[in-house]
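1. give me coordinates for this.
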Amino acid sequence: MVDIDTLLSWKPTDLAAVGDRLNEDRRTLLDLQDEVDDGYPPSTWTGEGSTSARTNHTRLRDDLNDLVAEIAPVITGIDSAASTILTAQQQVEAARQTIAARGWLLSTAGGQVRADPPAGAEEGDGDREAVQGAIDEITTALSTAQQADTDLAAVLGNSESNQYDGGTGTLSDAGLPPHLQGLSEADLVDYFMEHPEETAPYVDQLSTRQQQALGESLAGQLERLDYGDWNYGEQETDPEDWLTDSELAQLNAQLAAFGHNPTVATTALDQIGPETYLELQQNLLMPHGDQGTEPPTVGTMGESQRQLGALLAAGTSGITADGQAGSTTHVAESWVDTLVDHASSTDYNYNWGTDTVNGLQLLGVAAGEPGHGSYFLNRLGSEVERYELDYLAENGGHPWNQWSTGPDARLDYTAYGADDDRSWEDFMYDDRLDPGTPSGFDPMAGVFEGMSHNPDAAREFLSGDPYVAEGQDAPENRIDYYLNDREWDISPHEDEWVTGMRHFGDALVSATTESPTPVSADLAEQAVTAAQGGALDDYPSLQRDYSTILGAYMPDVYDAFSGPGAQDLQSQGDTNPWLPGEQTADMRARFSEAELRDVLQQVGQDETAGQNLTGAATLYANYGYDAVFSGAVDAGAEGQDLTGQWNSRLDNAISSVNSPFADVVGSLGEGYSEHLRAEGLRADQEASSAGDGYWQAGGYVANKLAGEIPFVGAVAPDVVDLAVDGITGLNDVDTTNEVRADIGSYVYNTEGALQGVAEGAVYRNLPVDYLQQYAPELVGPDGRAVPMNEWTQAQADAWAGLNGTSGPGGVAGQLSSDLADQLDGSASQTERQDGQ
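-> Here you go, the predicted structure:
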């Protein structure tokens with residue numbers, strides 16, 4: 001089975017790019033049909049060589065058909081492998097952080113995935129189950145990636161051995177199954193439309209003209225959904241003629257099968273036009289009550305919204321610049337401009353006829369689908385921003401308020417599966433106050449959701465200048481505006497409501513961490529600055545998003561906290577394991593230590609966020625120790641003996657790894673301690689109101705920490721003092737010792753966890769001849785150091801003895817001792833920073 005290092009070394013994005021290039025080559029081949037036909041020797045030629053010429057032409061045509069038939073499965077195999085491998089890499093990275101956050105050491109020696117607990121870990125500490133789950137995820141991901149590699153190899157092998165026969169028909173027929181070859185264009189399109197699920201795999205293998213014909217047919221079906229602009233009781237179309245649930249479901253199937261193809265989508269969008277596209281979105285909201293026959297269900301409506309969004313994405317994503325003309329694969333830039341401008345200037349009737357919805361809100365629902373290009377998302381986002389800020393300046397209120405259209409109303413049904421068979425009317429009464437249901441009223445939520453799938457679009461928008469309405473002050477930047485100034489709809493408490501702030505956070509993660517550019521680092525710096533003073537409070541999803549961002553920039557987080565004389569672990573040409581691509585100086589984020597400490601405390605308030613970030617900090621500590629003790633970042637050690645070199649490396653590890661690690665986990669711990677204190681007091685107040693004296697705040701914390709501390713090492717002893725004093729001093733039951741004991745056990749586990757990381761790095765990099773001289777038990781018959789996870793008890797004892805010496809073998813013990821001191825002082829350092 002493939003191992004972790006091999007999997008992470010694979011480049012699925014490059015593989016996907018190969019698939020895209022092959023798809024372009026296939027399109028070029030298909031477009032040669034006219035040349036192939038024109039090149040056939042005329043029947044009037046009967047002279048010498050005419051028979052041979054016709055034979056050669058037929059042979060070349062058949063060879064070309066075989067090539068087209070061969071490319072199709074190769075493209076499919078490449079695309080499938082790229083997607084599978086990328087997902088497997090993401091699963092492995094997430095699982096590694098889960099394991100590292102709990103202080104366990106991951107090993108794949110001998111082809112088996114395993115993890116060893118930190119020193120002092122207890123059997124019932126709750127981590128074993130989480131770690132085992134992460135191990136299972138890694139094992140599954142490796143197996144899936146191995147199968148993807150095997151399947152792709154088989155496809156390529158068949159291609160190399162010429163296993164594909166393209167027949168003797170047209171080039172477009174060559175990629176089709178036999179029963180579809182030879183059909184007229186009209187018959188072929190009819191068959192595709194009647195059997196969308198069967199024919200979906202072949203739409204990309206049609207010729208451009210056949211795809212256009214399919215798009216024209218699809219547009220005709222879409223026009224059946226255009227009931228015109230309407231009002232209750234004054235519809236332009238008789239409700240009896242509206243699409244039934246089964247008819248709309250068939251249209252959904254056709255859109256799902258063919259709407260992703262750029263040529264099909266472009267043709268359909270050009271035929272219906274931007275105004276009609278908006279009316280289609282509006283008309284999906286019409287069916288309810290007793291209007292029409294077999295009105296669409298909630299699930300069918302939601303699927304229609306998803307597919308109309310995907311159709312728009314496929315037909316517009318190729319636009320890259322102002323004034324760009326249309327092509328066979330994308331509409332003209334002016335089409336998008338007309339769509340957005342018409343939406344902004346048009347209010348549509350919907351629901352019971354007395355309410356209105358702006359066209360931008362309809363586009364907001366469509367924008368949330370993956371696949372939209374940068375031009376559309378930025379054009380729409382900028383217009384929504386302008387519209388709402390002008391509205392705010394003129395009216396003093398937010399234009400997208402959920403309740404302005406009544407509590408029964410919904411615009412966004414995309415959260416509901418296609419099999420949700422509730423009627424529109426039943427849904428309104430069943431789910432109108434469901435806190436987990438998106439309303440879709442705020443179009444900026446949809447824009448940011450779309451940008452979360454397109455990092456280039458997110459970077460372009462967030463780095464752009466925000467719109468400033470007359471009489472308003474300009475914000476520092478767009479991140480500052482959307483994080484601190486904008487009025488988001490509903491409530492900030494995302495455990496109660498789904499809000500646009502969650503999608504803003506997703507877009508921010510995309511802009512800063514996915515396929516990063518120098519702009520990404522600038523945005524990461526802006527994000528930290530904008531979050532000062534509690535901006536992330538009450539937004540758990542944002543706290544988790546920031547943990548992802550800071551985890552991706554962990555080398556720069558360490559730099560901000562590094563002590564005097566620390567070496568830049570990235571300056572020696574080492575690959576940054578967090579951000580993909582080649583790293584240069586302009587890809588580094590320069591965080592302020594004080595601002596970073598503030599944000600870490602906010603992130604630490606959320607269990608999951610703190611756990612994620614501690615995992616990243618631990619992984620980077622492991623990387624840092626390896627960089628230091630391997631000599632990759634030696635400074636001033638030239639000419640020293642072995643002991644001198646390792647003493648220098650010890651000093652470097654203390655300033656470059658221990659110190660920033662302690663600052664990161666100490667700051668996270670302070671945030672979580674404050675969270676526990678607040679939760680304990682809240683629980684105490686609730687219990688007092690109920691007359692139950694059991695739930696004292698101190699007792700709450702003690703119970704909460706007994707097996708549920710969210711991240712290893714987040715609470716240092718000074719933080720314990722702060723937490724215990726702050727909590728137990730407000731309660732009539734003194735649980736100080738109990739709380740201190742529970743938190744203290746985790747501090748011990750933290751030291752043990754990083755001890756294991758440090759020991760592993762020291763041991764891996766000690767010269768074998770040094771081990772042979774001072775601890776020969778640790779050298780195997782092959783002349784190599786025995787892996788730590790294969791030690792016998794005698795070998796473990798030999799290492800423990802070596803740790804007690806003053807030479808290089810004792811560096812791990814000295815490093816661990818310093819780490820304990822660093823953790824002890826991390827909270828008091830924060831107090832000094834805050835002037836307390």
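2. quick check: pLDDT value at Gln211.
-> According to the predicted model, the pLDDT of Gln211 comes to 94.
3. could you give the mean pLDDT of stretch 591-611?
-> Throughout stretch 591-611, pLDDT has a mean value of 91.
4. list the buried residues for that stretch?
-> Buried residues in stretch 591-611, counting neighbours by 16 or more other C-beta atoms under 10 Å, are found at 591, 593, 595-607, 609-611. Backbone N, C-alpha and C define where each C-beta goes, glycine included.
5. among those, which ones are in helices?
-> When the buried residues of stretch 591-611 are checked against helices using DSSP state H, the ones located there are 593, 595-603, 607, 609-611.
6. centroid residue for this protein?
-> Note on the chain: the residue nearest the mean C-alpha position is Ser510, at 6.6 Å, using C-alpha atoms, centre = their mean.
7. give me the element it is part of.
-> Element membership for Ser510, per DSSP states H and E: helix 500-513.
8. which helices and strands does the helix or strand just after that helix pack with?
-> Heading C-terminal from helix 500-513, the first helix or strand you meet, by DSSP H and E, is helix 518-530. In this structure, helix 518-530 packs against helix 455-462, helix 478-480, helix 500-513, helix 540-552, helix 593-603, with contacts taken as 3 or more C-beta pairs under 8 Å, 6 or more residues apart in numbering; DSSP states H and E.
9. now render those helices as a markdown table, adding distance to Tyr620.
-> A markdown table is the format used below for the helices and strands packed on helix 518-530 (distance: least, C-beta to C-beta, whole Å):
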| stretch | distance to Tyr620 |
| --- | --- |
| helix 455-462 | 23 |
| helix 478-480 | 25 |
| helix 500-513 | 15 |
| helix 540-552 | 9 |
| helix 593-603 | 14 |
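10. out of the ones you listed, the one nearest Gln91 is which?
-> Nearest of these to Gln91, taken as C-beta to C-beta: helix 540-552 at 15.1 Å.
11. what is the mean pLDDT for the closest one?
-> Averaged across helix 540-552, the pLDDT comes to 92.
12. pull out the buried positions in it.
-> Of the residues in helix 540-552, those buried under the neighbour-count criterion (16+ other C-beta under 10 Å) are 540-552.
13. tell me the one among those nearest to Asp663.
-> For the buried residues of helix 540-552, the minimum distance to Asp663 (C-beta to C-beta) is 12.5 Å, reached by Leu550.
14. measure the closest one to Ser541 for me?
-> Taking C-beta to C-beta, to the nearest Å as the measure, Leu550 and Ser541 are separated by 15 Å.
15. picking that back up, reformat the buried residues of helix 540-552 as CSV; add distance to Ser463.
-> Supplementary listing: the buried residues of helix 540-552 in CSV, determined by distance: C-beta to C-beta, whole Å:
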residue, distance to Ser463
Pro540, 26
Ser541, 22
Leu542, 19
Gln543, 23
Arg544, 23
Asp545, 18
Tyr546, 18
Ser547, 22
Thr548, 19
Ile549, 15
Leu550, 19
Gly551, 22
Ala552, 17
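16. and which of those is nearest Met451?
-> Distances from Met451 to the buried residues of helix 540-552, taken as C-beta to C-beta, are shortest for Asp545 (13.2 Å).
17. correct me, but the closest one touches Gly505?
-> Yes - with contact defined as C-beta atoms under 8 Å, Asp545 reaches Gly505; the gap is 3.6 Å.
18. now do the shared contacts for those two.
-> Between them, Asp545 and Gly505 share no neighbouring residue, with contact defined by C-beta atoms under 8 Å, 6 or more residues apart in numbering.
19. look up which helix or strand the nearest residue to Met554 once chain neighbours are set aside falls in, please.
-> Counting by C-beta to C-beta, 6 or more residues apart in numbering, the nearest residue to Met554 once its immediate chain neighbours are dropped is Tyr620, at 4.3 Å. Assigning secondary structure by DSSP H and E places Tyr620 in helix 607-629.
20. ok, the residue nearest to Gly397 when sequence neighbours are not counted - contacts?
-> Taking C-beta to C-beta, 6+ apart, and ignoring the residues beside it in sequence, Gly397 has Tyr391 as its nearest neighbour in space, at 7.7 Å. Contacts of Tyr391 were listed using C-beta under 8 Å, 6+ apart, and they are 397-399.
21. quick one: pLDDT of Tyr391?
-> Model confidence at Tyr391, given as pLDDT, is 91.
22. assign it to helix, strand or coil.
-> For Tyr391, the secondary-structure state derived from DSSP: H, G, I helix; E, B strand; the rest coil is helix.
23. now it: how far from Gly813?
-> Look at Tyr391 and Gly813: by C-beta to C-beta, they are 65 Å apart.
24. same question, Val633
-> Val633 sits 22 Å away from Gly813 when distances are taken as C-beta to C-beta.
25. just Leu536 next, same as before
-> Look at Leu536 and Gly813: by C-beta to C-beta, they are 39 Å apart.
26. between those two, which is the more surrounded one?
-> When neighbours are counted by other C-beta atoms under 10 Å, Leu536 and Gly813 differ, and Leu536 comes out ahead with 27 against 19.
27. surely that one and Ile549 touch.
-> No - under the criterion of C-beta under 8 Å, Leu536 lies out of contact with Ile549, with a separation of 11.4 Å.
28. so what's in contact with those two at the same time?
-> Among the neighbours of Leu536, none is also in contact with Ile549 (C-beta under 8 Å, 6+ apart).
29. contacting residues around the closest residue to Thr328 other than its chain neighbours?
-> Of all residues not flanking Thr328 in the chain, Thr263 sits nearest, at 5.2 Å (C-beta to C-beta, 6+ apart). By C-beta under 8 Å, 6+ apart, the contact set of Thr263 is 208, 211-212, 215, 328-329.
30. quick one: which of these is nearest Gly182?
-> Gly182 lies nearest to Gln211 out of the contacts of Thr263, by C-beta to C-beta, at 18.2 Å.
31. for that closest one, what are its contacts?
-> With contacts defined as C-beta under 8 Å, 6+ apart, the neighbours of Gln211 are 203, 261, 263-264, 267.
32. sec struct for it, please.
-> Three-state assignment for Gln211 (three-state DSSP): helix.
33. which stretches in the stretch 251-400 of the chain count as strands?
-> Listed in chain order, the strands found in the stretch 251-400 of the chain under DSSP state E, counting those that start in this stretch are 347-350, 355-358.
34. scratch that, the stretch 51-200 of the chain
-> Listed in chain order (using DSSP E, counting those that start in this stretch), the strands of the stretch 51-200 of the chain are 105-107, 114-116.
35. and Met587, which of those is closest to it?
-> strand 105-107 (27.4 Å).
36. quick check: mean pLDDT of the helix or strand hosting Glu247?
-> Mapping Glu247 onto the secondary structure by DSSP H and E places it in helix 245-258. For helix 245-258, mean pLDDT is 95.
37. can you point out the buried residues in it?
-> Neighbour-count burial for helix 245-258 [16+ other C-beta under 10 Å]: 245, 247-258.
38. try stretch 196-216
-> Along stretch 196-216, the positions that meet the burial threshold by neighbour count (16+ other C-beta under 10 Å) are 196, 199-200, 202-208, 210-215.
39. what about that stretch, start to end distance?
-> The distance separating the two terminal residues of stretch 196-216, taken as C-alpha to C-alpha, to the nearest Å, comes to 15 Å.
40. check which residues of stretch 525-533 are buried.
-> Under the neighbour-count criterion of 16+ other C-beta under 10 Å, stretch 525-533 has 525-531 buried.
41. tabulate the residues you listed (CSV), appending pLDDT.
-> Listed next are those as CSV, based on pLDDT from 0 to 100:
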residue, pLDDT
Glu525, 97
Gln526, 98
Ala527, 98
Val528, 98
Thr529, 98
Ala530, 97
Ala531, 97
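42. let me know the closest of the residues you listed to His179.
-> With C-beta to C-beta as the yardstick, the closest approach to His179 among the buried residues of stretch 525-533 comes from Ala527, at 55.6 Å.
43. list the contacts of the closest one.
-> 479, 483, 508, 512, 546, 549.
44. now the fifth one: how far from Asn454?
-> Put plainly, it is Tyr546. When Tyr546 is compared with Asn454 (using C-beta to C-beta), they lie 21 Å apart.
45. still on that earlier bit, report all helices and strands that the helix holding Ser510 contacts.
-> By 3+ C-beta pairs under 8 Å, 6+ apart, helix 500-513 packs against helix 443-452, helix 455-462, helix 518-530, helix 540-552.
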